[in-house]
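**Student:** below: sequence and its predicted model.
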Amino acid sequence: MCGRFAVDSEINELIEEFVATGGDVNDWRPSYNIRPTDPVPIVLESNKTGEVVRRLELARWSLVPSFSKELKLSYPTFNARSEDVASKASYKSSVVTKRALIPAAGYYEWRTVGKAKTPFYIHDPAGNLAFAALYSWWRNKAMPDDDPARWVLTATILTMPSVPQLAEIHDRNPVPLPRDFWDSWLSTEIDGDQGLVDAAVEASLEVASGLAFHQVAPLGENGPQLIEPV
């Protein structure tokens, strides 16, 4: 799973790296302790005007399907298991047409031995990660049709069984897509299915196997000190 992660890039840096246009992202600031339901930058593509546009937007980290009556669900949706995600009611429509990337400098995971939990920071020494993600637009029907705040963009990070290099820390890890798979994953011209998700997991193995990790102190106040080794 992935329950905390860090993004240390400014918006302009993310726009440049992902060759995207900036959406409603003015309030974003780098964070080293992103938690479920926090706002996170995501990269998605749309073609509402007949032209494909790659955008950087802010989303609530915990996907809420459009059919939900409330923004808060009774079960966690900040992660989605890749193995059967295309058959799950909360995610299957997003697999088809609403796939995204979530940038990350790295993420945190806790190794549990007995009652002791030791935090680790996991990252790619070569640069930023791009997690395979899904998104959904949830509409607050209690708000008037002309209120733009009635729409809430939400997102989840796909996870997979841990690669051997990370299995000593946790039995699952996020799906970190290589750059040459970004276009296929984001494409609005490809109807996604479980086969595409499985291909994404397969493509991610080399990146996941190259991740480095080190122990960190218990997560406290937000800041770059959270990712420093102890």
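**Tutor:** Looks like it arrived, so ask away. Residues are numbered from 1 along each chain as shown.
**Student:** other SSEs contacting the helix or strand encompassing residue 56?
**Tutor:** Using DSSP states H and E, residue 56 maps to strand 53-61. Judged by 3 or more Cβ pairs under 8 Å, 6 or more residues apart in numbering; DSSP states H and E, strand 53-61 is in contact with helix 11-18, strand 21-22, strand 39-46, strand 151-161. Every C-beta, even on glycine, is put in place using the N, C-alpha and C of the backbone.
**Student:** between those, which one is nearest to residue 131?
**Tutor:** The closest approach between residue 131 and any of the helices and strands packed on strand 53-61, judged by Cβ to Cβ, belongs to strand 151-161 at 4.8 Å.
**Student:** immediately after the closest one, which helix or strand?
**Tutor:** Next in sequence after strand 151-161, counting helices and strands by DSSP H and E, comes strand 172-174.
**Student:** neighbouring strands of that next one in the sheet, and parallel or not?
**Tutor:** Partners of strand 172-174 in the sheet, by DSSP bridges, are strand 151-161 (antiparallel).
**Student:** how far does the worst-scoring helix or strand of the chain on mean pLDDT sit from the chain's center?
**Tutor:** Least confident helix or strand of the chain, by mean pLDDT, DSSP states H and E, is strand 21-22 with a mean of 84. Taking Cα atoms, centre = their mean, to the nearest Å, one finds strand 21-22 lying 18 Å from the centre of the chain it belongs to.
**Student:** other SSEs contacting that strand?
**Tutor:** With contacts taken as 3+ Cβ pairs under 8 Å, 6+ apart, strand 21-22 sits against helix 11-18, strand 53-61.
**Student:** let's see 7 Å
**Tutor:** Applying 3 or more Cβ pairs under 7 Å, 6 or more residues apart in numbering; DSSP states H and E, one finds that strand 21-22 contacts strand 53-61.
**Student:** which parts of the strand it packs on are buried?
**Tutor:** 54-61 (16 or more other Cβ atoms under 10 Å).
**Student:** quick revisit: worst mean pLDDT among the helices and strands packed on strand 53-61?
**Tutor:** Note on these: lowest mean pLDDT is at strand 21-22, with a mean of 84.
**Student:** separation between residue 159 and residue 100?
**Tutor:** Residue 159 is 15 Å from residue 100, where distance means Cβ to Cβ, to the nearest Å.
**Student:** just residue 64 next, same as before
**Tutor:** Separation of residue 64 from residue 100 (Cβ to Cβ) stands at 15 Å.
**Student:** hmm, who's touching stretch 190-208?
**Tutor:** By Cβ atoms under 7 Å, 6 or more residues apart in numbering, the residues outside stretch 190-208 that reach it are 82, 85-86, 95-97, 99, 124, 132, 160, 163, 173, 175-178, 181, 184-185.
**Student:** put together CSV for the helices and strands packed on strand 53-61, with mean neighbour count and distance to residue 128 on each row.
**Tutor:** What follows is those, written out as CSV (neighbours: other Cβ atoms under 10 Å; distance: least, Cβ to Cβ, whole Å):
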stretch, mean neighbour count, distance to residue 128
helix 11-18, 17, 7
strand 21-22, 13, 17
strand 39-46, 23, 11
strand 151-161, 22, 14
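**Student:** show me where the chain has helices.
**Tutor:** According to DSSP state H, the chain carries its helices in the segments 11-18, 92-97, 182-186, 194-209.
**Student:** among those helices, which comes closest to residue 169?
**Tutor:** Nearest of the helices of the chain to residue 169, taken as Cβ to Cβ: helix 194-209 at 12.3 Å.
**Student:** any idea how far the closest one is from the chain center?
**Tutor:** The chain centroid and the centroid of helix 194-209 are separated by 15 Å, computed with Cα atoms, centre = their mean.
**Student:** nice, that's everything, thank you.
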